[in-house]
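Asks: Quick one, fold the following:
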Amino acid sequence: MATANVRLVRPDDLHRCVTELLQSAGLPEKDAALVAQTLVEADLRGVHSHGVMRVPTYLARIQAGEVNPRPNMRLSYDDRSRAALEADGAMGQVAADAAMRTAIERAVEYGIGAVTVRNSRHCGAMAYWAMMALDADCIGFATTNAGMNMAPTGGRQKIVGNNPFAVAVPTSRPWPMVLDMATSVVAGGKLDVAALRGQEIPLGWALDPDGQPTKDPVVARKGSLLPVGGPKGYGMAVMLDVLCGVLSGGRFGGNLGAPGSGHFFLALKVEGYIPIDEFRQRMDALIDQIHASPLAPGSERIYLPGEIEFNLEQERQRSGIPLEQRLLDRLDQLGVERGIDHRPSTWR
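Replies: Down below sits the predicted model:
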């Protein structure tokens, strides 16, 4: 329900607004619409850290020349099931879309498709890219290396990214099983969400620049995120950097502070291992087993990865996306600065 500080925004209105803003910065209409789609989809699924709150940052990076709005992307390596994409500084979503489509095409033909990307930029929530594989009856995997925002276990200097990854698996339910997570306790964008809302963050999310626990999201942004599971999360982050940075020929480790994100995408065709209908039946059996397992005290039900996000998206498609008035005001301001009258009546 909307409040004085929150407004419900229709997804179509939000998509149109973001598309126009990105076009005004020089992105072609098709690319602007794609980026807008990924951001709105994240907000629909409740992943506001990767939603339209990213728009001001994206616009600033395009205007600063940190993003190439009209890149000359090419495959620097191409051999049946494997490929490597040189993104030429493209918007991350534009490069990710091209790479994941290539991975899916190769998976359909060869059973598996794996594509690295170098010299890209921030590509949004990884679930979007992993889920692209579902329509081809494939399991999707997507990961990226973030900027330096975590210290290694036992260290005090940031040199590791909280590199996120996502896995999407087809089922016969209305919703696929989808895991999307950072290798830090929380995604860095959740600090930005808390700052936008004027909220404190829980202890255990991040450290201040002196290495002390903090509840201040702004101070935490100047400090470092904590890895999920301690050394386990740190180890996962390093291994994902191998796939995204070392293997792609792009930035990694101590160079993560430089522009040029690396990504890694994989699509795995289910058929050939097992008939797709049988696979879906087995997935449903797994879901049923977990749903039916005994509940812990105080728990009302058990959810599978991606189930909550699917339910939230269905609800928000009907009722609208709740966004902070401060964010909507900022989008309005950006529109005025660019001569765009994009404000839907529901924002006012």
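
Asks: quick one: the residue most central in space within the chain from residue 81, how far?
Replies: For the chain, the residue nearest the mean C-alpha position is residue 125 (1.0 Å; Cα atoms, centre = their mean). For residue 125, the distance to residue 81 equals 26 Å [Cβ to Cβ, to the nearest Å]. For every residue, glycine as well, the C-beta is placed using N, CA and C.

Asks: can you check residue 6 too?
Replies: 46 Å.

Asks: Also residue 63?
Replies: Distance from residue 63 to residue 81, by Cβ to Cβ: 39 Å.

Asks: Kindly report the same for residue 7.
Replies: 47 Å.

Asks: and the two? which has more neighbours close in?
Replies: Neighbour count, other Cβ atoms under 10 Å: between residue 7 and residue 81, residue 7 has more, with 19 against 16.

Asks: Could you tell me the end-to-end distance of stretch 313-330?
Replies: Chord length of stretch 313-330, first to last residue, is 24 Å (Cα to Cα, to the nearest Å).

Asks: List the contacts of it.
Replies: Residues from elsewhere that reach stretch 313-330 (Cβ atoms under 8 Å, 6 or more residues apart in numbering): 2, 4-11, 14, 40-41, 43-46, 48, 52-53, 56, 196-197, 346-347.

Asks: So what touches stretch 150-160?
Replies: 148-149, 161-162, 183-184, 211, 224-227, 230-231, 234, 237-238, 241, 253-254, 256.

Asks: Can you give me the end-to-end span of that stretch?
Replies: Start-to-end span of stretch 150-160 (Cα to Cα) is 5 Å.

Asks: Strands along the stretch 101-250 of the chain, start to end?
Replies: Assigned by DSSP state E, counting those that start in this stretch, the stretch 101-250 of the chain shows strands spanning 112-120, 138-144, 165-169, 177-181, 206-207, 224-225.

Asks: For those strands, could you give me JSON lines that also reports mean pLDDT?
Replies: JSON lines is the format used below for these (pLDDT from 0 to 100):
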{"stretch": "strand 112-120", "mean pLDDT": "98"}
{"stretch": "strand 138-144", "mean pLDDT": "98"}
{"stretch": "strand 165-169", "mean pLDDT": "98"}
{"stretch": "strand 177-181", "mean pLDDT": "97"}
{"stretch": "strand 206-207", "mean pLDDT": "90"}
{"stretch": "strand 224-225", "mean pLDDT": "90"}
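
Asks: Got the phi and psi for residue 215?
Replies: phi -100, psi 0 (degrees, to the nearest 10).

Asks: how many neighbours does it have?
Replies: Residue 215, neighbours per other Cβ under 10 Å, totals 16.

Asks: Could you pull up the residues touching it?
Replies: So residue 215 contacts 200, 201, 202, 203 (Cβ under 8 Å, 6+ apart).

Asks: and the gap between residue 265 and residue 113?
Replies: For residue 265, the distance to residue 113 - Cβ to Cβ - is 8 Å.

Asks: Pick out whichever of those two has more residues nearby.
Replies: residue 265 (32 against 28).

Asks: now the helices for the stretch 201-348 of the chain?
Replies: 217-222, 231-241, 276-291, 307-319, 325-337 (DSSP state H, counting those that start in this stretch).

Asks: Nearest to residue 178, out of the ones you listed?
Replies: Nearest to residue 178 among those is helix 307-319 (6.9 Å), distances taken as Cβ to Cβ.

Asks: In that closest one, which residues are buried?
Replies: Neighbour counts over helix 307-319 (16 or more other Cβ atoms under 10 Å) mark 307, 309, 310, 312, 313, 316 as buried.

Asks: So which of those is the closest to residue 295?
Replies: For these, the residue nearest residue 295 by Cβ to Cβ is residue 307; the value is 15.5 Å.
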